[in-house]
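> the amino acid sequence is not available; the structure is as follows:
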């Protein structure tokens, strides 16, 4: 049984489940600073928050069967007790990207940039979740969420560095890197 | 400039812009009967309607560059004065479909079922618009909308017959065919 896809709400707040340890605009404009972040697994109307971003999980958009078989052997498990570090990284891609056809986007993501291969290397240590935002009129296209243990911070930074140096990242026109610690 | 994707609201009502001439459950359960339909280009909260369905337009999910070049030569123009007939066809695909990877879905849609080729034949006479619904937790996966002139009703029926006989349609587990006349 496939669980019905639903919207997740991320809120920058004054009090919450994740304490913001840093917030850096990697590409483009930043967002207002906040001390805490809440990740709520539903489409909730929130008041008195500094900012609210929403996204939905979806079916696989680029992954092929042979790649999925590799990924399935190392499933991404969220809420592991040892993973007290998290990163919330909202990303927007430019118009040129969205005017590409499916085969052109796949070529850049997979064949040229090895996005799936790069990610696979880190699967057992870094748990991740991808939310789509563009289709619901949000200011970012994707909201990416990662959980890892304090021991693996440098490994996580290595992953980001690898992705940010790819051809795919030339089409990213806004990226904010928010690091979090479990309260 | 890409127009920001937004949600469109379809409502079955007692009074509206399109008069329902017929409503037939092709596959699976039907919906409550209504006399009129309204198509509203925004995410609106509606009261006193018989049913409300929502969907969003999105980037190309399967189309490749060579196919897009063919499609672009025959753009789909909505609201043509002579197109006083319309069809609203909500569609749901089964779990097996959604567990396929991108390459498997593309193989069935394009290579095996010739969905894009079939549609291309009718582009100049039948205008169409595709809305995605699955990702926002709706009861259908897609809401399809077509506009055509009364002279082309049999051509439109031919198009549907061609699509419904494809391998792709084996994965459709709910389809309701609602025919409309402009008020």
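Alright, I've got the coordinates. Just so it is clear, the model here is predicted, and its values are computed rather than measured.
> which helix or strand contains the most centrally placed residue in chain A?
Centroid-nearest residue in chain A, with C-alpha atoms, centre = their mean: residue A:144, separated by 0.8 Å. Element membership for residue A:144, per DSSP states H and E: strand A:142-148.
> coming back round to it: contacting residues for the residue nearest to the centre of chain A?
Going by C-beta atoms under 8 Å, 6 or more residues apart in numbering or on different chains, residue A:144 touches A:87, A:88, A:89, A:90, A:91, A:128, A:129, A:130, A:131. Backbone N, C-alpha and C define where each C-beta goes, glycine included.
> just residue A:39 next, same as before
So residue A:39 contacts A:8, A:9, A:10, A:17, A:18, A:88, A:145 (C-beta under 8 Å, 6+ apart).
> next, it: secondary structure please.
Using DSSP: H, G, I helix; E, B strand; the rest coil, the secondary structure recorded for residue A:39 is strand.
> again with residue A:10
strand.
> what sits closest to it if chain neighbours are left out?
Leaving aside its sequence neighbours, residue A:10 sits nearest to residue A:53 (C-beta to C-beta, 6 or more residues apart in numbering or on different chains; 4.7 Å).
> in what helix or strand does the one you found lie?
Residue A:53 is part of strand A:51-56, with elements assigned from DSSP H and E.
> which is the next helix or strand following that strand?
helix A:65-72.
> any idea how far that next one is from the chain center?
Distance of helix A:65-72 from its chain centroid, counting by C-alpha atoms, centre = their mean, to the nearest Å, is 20 Å.
> and it, what other elements does it pack with?
helix A:115-121 (3 or more C-beta pairs under 8 Å, 6 or more residues apart in numbering or on different chains; DSSP states H and E).
> and the nearest residue to residue A:126 once chain neighbours are set aside, how many neighbours does it have?
Among residues not flanking residue A:126 along the chain, residue A:148 sits closest, at 4.7 Å (C-beta to C-beta, 6+ apart). Neighbour count for residue A:148, taken as other C-beta atoms under 10 Å in any protein chain shown: 22.
> kindly report the same for the one 5 residues further on.
Counted with other C-beta under 10 Å, residues neighbouring residue A:153 total 13.
> and it, backbone torsions?
Torsion angles at residue A:153 (phi, psi; degrees, to the nearest 10) stand at phi -60, psi -40.
> the residue lying closest to it once chain neighbours are set aside: what's it in contact with?
Using C-beta to C-beta, 6+ apart and skipping the chain neighbours, the partner closest in space to residue A:153 is residue A:85 (6.2 Å). Contact analysis of residue A:85 by C-beta under 8 Å, 6+ apart lists A:147, A:148, A:149, A:150, A:152, A:153, A:156, A:179, A:180, A:181, A:182.
> check residue A:49 too.
Contacts of residue A:49 by C-beta under 8 Å, 6+ apart are A:11, A:12, A:13.
> hmm, 10 Å instead?
Remark: with contacts taken as C-beta atoms under 10 Å, 6 or more residues apart in numbering or on different chains, residue A:49 is in contact with A:9, A:10, A:11, A:12, A:13, A:14, A:16, A:34, A:36, A:37, A:38.
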